[in-house]
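Student: could you look at this predicted model? Sequence included:
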Amino acid sequence: MAQELAACCIVAGAAAGEVLATSQSISFWGGVDPATGLINDPRHELFGQSIAGKILVFPYGKGSSTGSLMILELVRVNKAPAAMINLKTEPILATGPIVSKHFYGREIPVVTMEKALFETLRSGQYVRVEATLGRVVVSEPL
Amino acid sequence: MRLTDHEREILSGSEGEAARLAMQILVDLGEIYGAGEMLPVSQAHIDMTLYMVDAGVEFVERLAELGGRFAVPTQLNPSAIDFRRCRELRVPAELEEKSRRLERAYLKMGAVPTWTCAPYQQGMIPGFGEQIAWGESNAIAFANSVIGARTNRYADLVDVCAGIIGRVPRFGLHLSENRRAEALVVLEGFTSEMFASSAVYPLLGYLFGEIAADRVTALAGMPESVTIDDLKAFSAAAASSGAVGLFHLVGITPEAPSLEACFRGGAPEPVVVTPRMVAEAEERLSDSTVEHPDLVALGCPHFSADEFAALNELLQGRPVDESIACWVFTSRAVYAQIERRGLLARLQSAGVAVFSDGCPLQYPVKSWDFRAAMSNSAKFANYCYSQTGLSVVYGSLRECVETAVSGRVSREAGLWRRN
């Protein structure tokens, strides 16, 4: 049974894929290798995992204002996440997907969710992020 | 967003494809963050100047090819190289080529080639209340807090768009209601001797940033004797350990004449910072096992003319030891000043290498066989390992100089230090 979760649209679009979830914040500058899409901060619980093509679930971004450029580079080399789900999306984090849409014509939908719903998402779930419609549709794990 | 007729025309392409793209990105950002309209800015400072990845080069070159021109005076953060001393800095050919492509594209769009992360030290210094669009975390924190100019923490890519349009979405720190403090830090137990050491301010900034995170935070207890260079180091450190865009120093910075003025109602419960916490912060930042650093790295943020004079006085004509490199990074403008004053020649004859345009955290690491560095910058110490792979020792400018002269780490006991 698919389950619909309410979400708030930050960057429009729709994408589906496998969830990669963490309760830790992510810095796209110094925390993700822009050439491979692997989390390269050894202190991060997702260290060594690839964000490429994933529905990346993390509470918020952190760190340098260069993070936006690193997301654009991940798009350029086809290693960007398919979509992002946050508790809070600050402007520096939203900038990468916005520019990606207009510069490379590639959408990375971004939504925010209430904490209680956000915490139900688990790595390995298959979800469809329908940012424009304000919802995330969760399927049974594959 | 309510756009003016002119803004709508730009969005439909009346001023070319580059302006259309830049406006579209700014409008999207404004829609997300609830901006009602666009706001003119007097100038922009672009962070995305240092070659890191090809997406940045593609973005800037495309905008330049599409006829993009900066609508307001727009200055540039450091490059990855010193354009005039590539050989001395051992810049690899590919890095030079990518850096020069960025340079060509920015200059074609009409940027002012300042190549500095301390744009508040010379040239286009904004005034109190001036609406600006700046990138680079230390510059943003300094401009908002110490000068009282108004900018959001502009991300790479958006900073370029803001320069092209000369306007930004009206939200965040551009608005008075978002500039009041939400949290309070109070300094307790600091002596005048501690405050007389310039090494305390970067550490206070580092601690402050950790506490403030992304909140506008006020700090009470900063002494009136604090210098502009101390405030520069404080801002840089705070913006490296926290997402600090604006802070208030009660009785020091222009929007904080009193504690009451910083807060909408009463001040919240303060977080107390003590000398012991400064000692612990220093122990976290500084690697006590380093004895022989290969590099003394100064100029993070870019050195001021006053700092060069202090460096020269501390050296007292003594040469830098052959086992160690002593590098100072600064802007072209300050470089020219110290050259005219004869300071540059004296420092160079002592073995100090002075670079302009570049950044001590982004030098061509693979061209140099360094293992450990020493710096008087807490921002440098915070990012050193992740950016260069080097271990790092933190110390005052005096300690950095004594280390450079002797080739061995020189650190003084006392003040807040526990050993």
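Tutor: Right, received. Where do you want to start? Here the structure is a predicted model, which means the values were calculated and not measured. Residues are numbered from 1 along each chain as shown, chains lettered A, B, ... in the order given.
Student: what about the residue nearest the centre of chain A, is that helix, strand or coil?
Tutor: Centroid-nearest residue in chain A: residue A:84, 2.2 Å away (criterion: Cα atoms, centre = their mean). Counting by DSSP: H, G, I helix; E, B strand; the rest coil, the backbone at residue A:84 sits in strand.
Student: find the residue closest to the residue sitting nearest the centre point of chain B in space, skipping its chain neighbours.
Tutor: For chain B, the residue sitting closest to the mean C-alpha position, by Cα atoms, centre = their mean, is residue B:138 at 3.1 Å. In space, and not counting its chain neighbours, residue B:138 is closest to residue B:236: 3.7 Å by Cβ to Cβ, 6 or more residues apart in numbering or on different chains. From N, CA and C alone the C-beta is placed, and that goes for glycine too.
Student: now do the SS call for the one you found.
Tutor: Counting by three-state DSSP, the backbone at residue B:236 sits in helix.
Student: for the chain, what are the low-confidence residue spans?
Tutor: Went with chain A since none was named. Scanning chain A for pLDDT under 70 picks out A:140-142.
Student: wrong chain, I was asking about chain B
Tutor: Looking at chain B by pLDDT under 70, you get B:419.
Student: what residues does it put near chain A?
Tutor: Applying Cβ under 8 Å from any Cβ of the partner chain, we find that chain B lies next to chain A at B:21, B:24-25, B:28-29, B:32-33, B:47-48, B:52-56, B:58-59, B:62, B:135-137, B:140, B:152-158, B:172, B:214, B:243, B:383, B:386-387.
Student: please indicate which of the residues you listed are buried?
Tutor: Buried members of the residues of chain B next to chain A, scored by 16 or more other Cβ atoms under 10 Å in any protein chain shown, are B:21, B:24-25, B:28-29, B:32-33, B:47-48, B:52-53, B:55-56, B:58-59, B:135-137, B:140, B:152-158, B:172, B:243, B:383, B:387.
Student: if we can go back for a sec, count the residues that sit near the residue nearest to residue B:138.
Tutor: 29 (other Cβ atoms under 10 Å in any protein chain shown).
Student: just residue B:288 next, same as before
Tutor: 11.
Student: for residue B:13, same thing?
Tutor: Around residue B:13 there are 12 other residues, counting by other Cβ under 10 Å.
Student: tell me who's in contact with it.
Tutor: B:19, B:20 (Cβ atoms under 8 Å, 6 or more residues apart in numbering or on different chains).
Student: recalculate using a threshold of 6 Å.
Tutor: residue B:20 (Cβ atoms under 6 Å, 6 or more residues apart in numbering or on different chains).
Student: what are the phi and psi values at it?
Tutor: Phi and psi for residue B:13, reported as degrees, to the nearest 10, are phi 100, psi 10.
Student: what does chain A put close to chain B?
Tutor: Residues of chain A found near chain B (Cβ under 6 Å from any Cβ of the partner chain) are A:10, A:30, A:34, A:65-66, A:68-69, A:72-73, A:76, A:92, A:94-95, A:98-99, A:102.
Student: what lies in contact with the host helix or strand of the residue nearest to the centre of chain B?
Tutor: According to DSSP states H and E, residue B:138 maps onto helix B:137-142. Contact with helix B:137-142 is made by B:45, B:119, B:120, B:134, B:151, B:153, B:235, B:236, B:239, B:244, B:245, B:301, as judged by Cβ under 6 Å, 6+ apart.
Student: will you turn those into CSV that also has distance to residue A:58 and secondary structure?
Tutor: Shown next, in CSV, are these (distance: Cβ to Cβ, whole Å; DSSP: H, G, I helix; E, B strand; the rest coil):
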residue, distance to residue A:58, secondary structure
B:45, 29, strand
B:119, 33, coil
B:120, 34, coil
B:134, 27, strand
B:151, 27, coil
B:153, 19, coil
B:235, 28, helix
B:236, 27, helix
B:239, 22, helix
B:244, 21, coil
B:245, 22, coil
B:301, 30, coil
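Student: got CSV for those, with distance to residue B:101 too?
Tutor: Formatted as CSV, the contacts of helix B:137-142 follow (distance: Cβ to Cβ, whole Å):
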residue, distance to residue B:101
B:45, 20
B:119, 22
B:120, 28
B:134, 24
B:151, 27
B:153, 27
B:235, 31
B:236, 28
B:239, 28
B:244, 32
B:245, 31
B:301, 25
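Student: just these now: which is nearest chain A?
Tutor: Closest approach between these and chain A, by Cβ to the nearest Cβ: residue B:153, at 5.9 Å.
Student: so what's the closest one closest to, chain neighbours aside?
Tutor: residue B:245 (4.4 Å).
Student: before we move on, the earlier item: send the alpha carbons of the helix holding residue B:138 over as PDB?
Tutor: The C-alpha atoms that make up helix B:137-142 are tabulated as PDB, following Å, rounded to 0.1, in the frame of the first residue of the first chain:
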ATOM      1  CA  SER B 137      31.500  34.100   4.800                       C
ATOM      2  CA  ASN B 138      34.100  36.300   6.600                       C
ATOM      3  CA  ALA B 139      33.300  39.300   4.400                       C
ATOM      4  CA  ILE B 140      29.500  38.900   4.900                       C
ATOM      5  CA  ALA B 141      29.900  38.700   8.700                       C
ATOM      6  CA  PHE B 142      32.200  41.700   8.800                       C
END
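Student: rewinding a little: please name the residues that touch the residue nearest to residue B:138.
Tutor: B:138, B:301, B:379.
Student: tell me how far it lies from residue B:332.
Tutor: 20 Å (Cβ to Cβ, to the nearest Å).
Student: quick one: the strands in chain A?
Tutor: A:3-6, A:8-11, A:14-21, A:55-57, A:83-86, A:110-112, A:126-130, A:135-138 (DSSP state E).
Student: highest average neighbour count across those?
Tutor: strand A:83-86 (a mean of 28; mean count of other Cβ atoms under 10 Å in any protein chain shown).
Student: and residue A:92, how many residues sit next to it?
Tutor: Residues near residue A:92, counting by other Cβ under 10 Å: 26.
Student: that one against residue B:157, yeah?
Tutor: No: if you go by Cβ atoms under 6 Å, residue A:92 and residue B:157 don't touch, sitting 9.9 Å apart.
Student: any shared contact partners between the two?
Tutor: With Cβ under 6 Å, 6+ apart, residue A:92 and residue B:157 have common neighbours residue A:68.
Student: before we move on, the earlier item: which pair of the residues of chain A next to chain B spans the longest distance?
Tutor: Within the residues of chain A next to chain B, A:30 and A:102 form the most distant pair, 25.8 Å apart (Cβ to Cβ).
Student: ok, residue A:26 to residue A:32 distance?
Tutor: From residue A:26 to residue A:32 the distance is 7 Å (Cβ to Cβ).
Student: break down chain A into its helices, ranges please.
Tutor: Assigned by DSSP state H, chain A shows helices spanning A:67-76, A:91-99, A:115-118.
Student: tell me the angle the first one makes with helix A:91-99.
Tutor: Relative orientation of helix A:67-76 versus helix A:91-99 (axes from the mean of the first three to the mean of the last three Cα atoms, to 10 degrees): 30 degrees.
Student: what is helix A:67-76 packed up against?
Tutor: The helices and strands touching helix A:67-76, judged by 3 or more Cβ pairs under 6 Å, 6 or more residues apart in numbering or on different chains; DSSP states H and E, are helix A:91-99, helix B:54-65.
Student: need the next SSE after the longest one, C-terminal direction.
Tutor: Pointing back at helix B:54-65 there. Following helix B:54-65 toward the C-terminus (DSSP H and E): strand B:74-76.
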